[in-house]
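Colleague: model this:
(4 chains)
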There are 4 protein chains.
Amino acid sequence: MPRTTTYSVTVQFGDCDPGGIVFFPNFCRWMDAASLTFFMQCGVKPWRILENERGIVGTPLLEINTKFHKTATYGDTLTVHTHIEEWRRVAFTQVHRVMRGDDLICEGRDVRAFVKRDEHDRERLRAIPVPEDIQALCS
Amino acid sequence: MPRTTTYSVTVQFGDCDPGGIVFFPNFCRWMDAASLTFFMQCGVKPWRILENERGIVGTPLLEINTKFHKTATYGDTLTVHTHIEEWRRVAFTQVHRVMRGDDLICEGRDVRAFVKRDEHDRERLRAIPVPEDIQALCS
Amino acid sequence: MPRTTTYSVTVQFGDCDPGGIVFFPNFCRWMDAASLTFFMQCGVKPWRILENERGIVGTPLLEINTKFHKTATYGDTLTVHTHIEEWRRVAFTQVHRVMRGDDLICEGRDVRAFVKRDEHDRERLRAIPVPEDIQALCS
Amino acid sequence: MPRTTTYSVTVQFGDCDPGGIVFFPNFCRWMDAASLTFFMQCGVKPWRILENERGIVGTPLLEINTKFHKTATYGDTLTVHTHIEEWRRVAFTQVHRVMRGDDLICEGRDVRAFVKRDEHDRERLRAIPVPEDIQALCS
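Modeller: Below is the predicted model of the structure:
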């Protein structure tokens, strides 16, 4: 079994749209928080420390695929279960299952990569091979 | 050629994360706005009027797949080009291409369905077949 | 001492701006969540039930004044302490103190009122006198 | 008359809450965008260039006071009219009037200061006196 972490969120009134259900970019926001929480809970240092020490700025998305199964509304408590499904040389696939109790609300599958700033153009970000020590912590 | 509409957005400082690039749920937010703008520009009435007249609450997402090609930052002007790629009986697939000039920043492919409130449980939403008049306006 | 409730939040990467600090509308979002949490913890029913039973849609803001004392960044755990400072006939003032441990990060003072939908124009919201039973629960 | 700029926004479905009206942190977001737009339209360079050239990171808020007069909903086009009401040595007060046609929807009064990163602690931000050249451009 791959290492799995959880991140909990209580849906707020302002997270919902005029239909009374969660406005879906909020699911993206919670899955992003779950992604970072996964790395922190696995013992990886916060991005701002990694940037100072090793130049690693974060893990921007290359692709995301999300399937929505049930709606959620304010007052619901959701738990995001996160693990890494596949490590490739540069990219990796992270899965986020958003549950309300035993109900699967939605499931997101991210492809991400670790990035550094380009030496010659600080505003440009470049993907780097997955750092071995980080992969070891997260598997 | 399917009918295509555009929605423009200027990226704001607060749309960007500590890495200085757009925090990706904002792309989801802009693609959602582009989705609704598409229907409005095609001549479909606003959801709150459709809800009063026909009980149609909106077009929640069933699935979204987004590929990120380039980053964007504040000050950038982005244009989202939206069209419907496929109409099925109940669901339809809408494509959003987010461009900065000639650069493709990201591309989202939504699967959505029109929904009504359940008669017996107003908090439950039920997918309905794509209304023919709306399909005609949007093709 | 007026009744006080707390609402906790862990600041996420995406809550921060390119300066690396919390983008302030997120504080507004957390104070709004704290406002609703206050009513729920005091035993007031969720808005969607109150709307069905009594026509009360929520407590929109009339005014908000927020003072920012210190910055916060991702990884910080913040606790919002909320109480009602003053009940007037129609409006009331709610105070939210956002703390990181013993540090006061910011303090918001909301003026809000309970509203119902207008009978003749469902899209118009009208302030009503503070319901006595709700005031009793929250004092 | 002080220099005044405008920033326009069309309210989106997802900007509204289950009551069908704009979720107020979105007004904060738009006023923040209007604040930055004001500086850009006055000829001040983008923050990321100012940070490289002069170490100025932005203009975080010290205080904000917003009065809400009317509600807005999706489909509305809002125009934010922004000017600087008062320059003090370090801080300045910026006013944002959010209009829908001739209707004043809300009015925000920000107190902000220009900040630099502390030399000894890069994560600490320090307010600096208002730069004279920037004040001249914006008056």
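Colleague: use CA for all of it now, contacts and neighbours both
Modeller: Fine.
Colleague: does the residue in chain A sticking out farthest from the centre belong to a helix, a strand or coil?
Modeller: In chain A, residue A:120 marks the outermost C-alpha relative to the chain mean, sitting 28.9 Å out by C-alpha atoms, centre = their mean. Classification of residue A:120 using DSSP: H, G, I helix; E, B strand; the rest coil returns coil.
Colleague: phi and psi next, for it.
Modeller: Torsion angles at residue A:120 (phi, psi; degrees, to the nearest 10) stand at phi -90, psi -20.
Colleague: over to residue A:55: give its phi and psi.
Modeller: phi 80, psi 0.
Colleague: in this structure it contacts residue A:114, no?
Modeller: No. Using C-alpha atoms under 8 Å, residue A:55 is not in contact with residue A:114, being 10.3 Å away.
Colleague: who has more neighbours out of the two?
Modeller: Comparing residue A:55 with residue A:114 by other C-alpha atoms under 10 Å in any protein chain shown, the one with more neighbours is residue A:114, at 20 against 15.
Colleague: which elements pack onto the longest helix seen in chain A?
Modeller: Assignment by DSSP state H gives helix A:25-41 as the longest helix of chain A. Helix A:25-41 is packed against strand A:4-10, strand A:77-87, strand A:91-100, helix B:25-41, with contacts defined by 3 or more C-alpha pairs under 8 Å, 6 or more residues apart in numbering or on different chains; DSSP states H and E.
Colleague: I'd like these as JSON lines, with mean neighbour count appended.
Modeller: Shown next, in JSON lines, are the helices and strands packed on helix A:25-41 (neighbours: other C-alpha atoms under 10 Å in any protein chain shown):
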{"stretch": "strand A:4-10", "mean neighbour count": "17"}
{"stretch": "strand A:77-87", "mean neighbour count": "20"}
{"stretch": "strand A:91-100", "mean neighbour count": "21"}
{"stretch": "helix B:25-41", "mean neighbour count": "21"}
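Colleague: now render these as a markdown table, adding mean pLDDT and distance to residue B:132.
Modeller: Formatted as a markdown table, the helices and strands packed on helix A:25-41 follow (pLDDT from 0 to 100; distance: least, C-alpha to C-alpha, whole Å):
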| stretch | mean pLDDT | distance to residue B:132 |
| --- | --- | --- |
| strand A:4-10 | 97 | 39 |
| strand A:77-87 | 97 | 37 |
| strand A:91-100 | 98 | 34 |
| helix B:25-41 | 96 | 14 |
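Colleague: hmm, residue A:31 is touching residue A:108, no?
Modeller: Yes. With contacts counted by C-alpha under 8 Å, residue A:31 reaches residue A:108, the gap being 7.5 Å.
Colleague: mutual contacts of those two, please.
Modeller: Residues touching both residue A:31 and residue A:108 (C-alpha atoms under 8 Å, 6 or more residues apart in numbering or on different chains) are residue A:96.
Colleague: ok, residue A:115 - contacts?
Modeller: A:56-60, A:125-128.
Colleague: could you find the closest non-adjacent residue to it?
Modeller: residue A:127 (4.2 Å; C-alpha to C-alpha, 6 or more residues apart in numbering or on different chains).
Colleague: returning to that earlier point: could the helices and strands packed on helix A:25-41 be laid out in CSV, adding distance to residue B:1?
Modeller: Shown next, in CSV, are the helices and strands packed on helix A:25-41 (distance: least, C-alpha to C-alpha, whole Å):
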stretch, distance to residue B:1
strand A:4-10, 43
strand A:77-87, 38
strand A:91-100, 35
helix B:25-41, 15
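Colleague: show me what from chain A comes close to chain D.
Modeller: Chain A comes close to chain D at residues A:13-21, A:23, as judged by C-alpha under 8 Å from any C-alpha of the partner chain.
Colleague: hmm, 7 Å instead?
Modeller: Residues of chain A lying close to chain D by C-alpha under 7 Å from any C-alpha of the partner chain are A:13-14, A:16-20, A:23.
Colleague: okay, those in CSV with neighbour count, secondary structure and pLDDT next?
Modeller: Below are the residues of chain A next to chain D laid out as CSV (neighbours: other C-alpha atoms under 10 Å in any protein chain shown; DSSP: H, G, I helix; E, B strand; the rest coil; pLDDT from 0 to 100):
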residue, neighbour count, secondary structure, pLDDT
A:13, 26, helix, 92
A:14, 26, helix, 94
A:16, 24, strand, 96
A:17, 23, coil, 92
A:18, 24, coil, 87
A:19, 25, coil, 84
A:20, 21, coil, 87
A:23, 26, coil, 95
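Colleague: keep only those residues that also lie close to chain C.
Modeller: Contacts with chain C within the residues of chain A next to chain D, counted by C-alpha under 7 Å from any C-alpha: none were found.
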